[in-house]
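Student: just coords:
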């Protein structure tokens, strides 16, 4: 008598993926492809991922542009400088200066948080 284990034939090779994507073609003019490619690049995605996200969610938020990134770098630098000044003022027993520095540092931190959203 053949055991149940022998009756089930196991195929070798790679296991199946849990989700298979089918190939779907999309016809575009050169101008349309260029526009989609530039938007995908701006969003930091490849073209297929961009099209998939737009089709599913209907909205893509692009990354910060170079001017916004420069603004954030400057804010981070100012915040670091204020933090160092507050540390020195605290070491020199200048409580009122420390409180003032911390107030401005918190304002800058809030601005940075708003920019991240």
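Tutor: Received it, and whenever you're ready, just let me know what you need. Predicted model, so just to flag it, every value in this text is computed and none were measured.
Student: okay, CA-based contacts and neighbour counts for the rest of this
Tutor: Will do.
Student: Return the distance of stretch 57-77 from the chain's centre.
Tutor: The chain centre lies 10 Å from the centre of stretch 57-77; the measure is Cα atoms, centre = their mean, to the nearest Å.
Student: now what about it, what contacts it?
Tutor: 42-44, 50, 53-54, 108, 112, 115 (Cα atoms under 8 Å, 6 or more residues apart in numbering).
Student: end to end, how far does it reach?
Tutor: 36 Å (Cα to Cα, to the nearest Å).
Student: what is the mean pLDDT for it?
Tutor: In this model, stretch 57-77 has an average pLDDT of 80.
Student: Pull out the buried positions in it.
Tutor: Neighbour-count burial for stretch 57-77 flags 72, 75-76 (criterion: 16 or more other Cα atoms under 10 Å).
Student: In helices, which of those appear?
Tutor: 72, 75-76 (DSSP state H).
Student: Alright, calling it a day.
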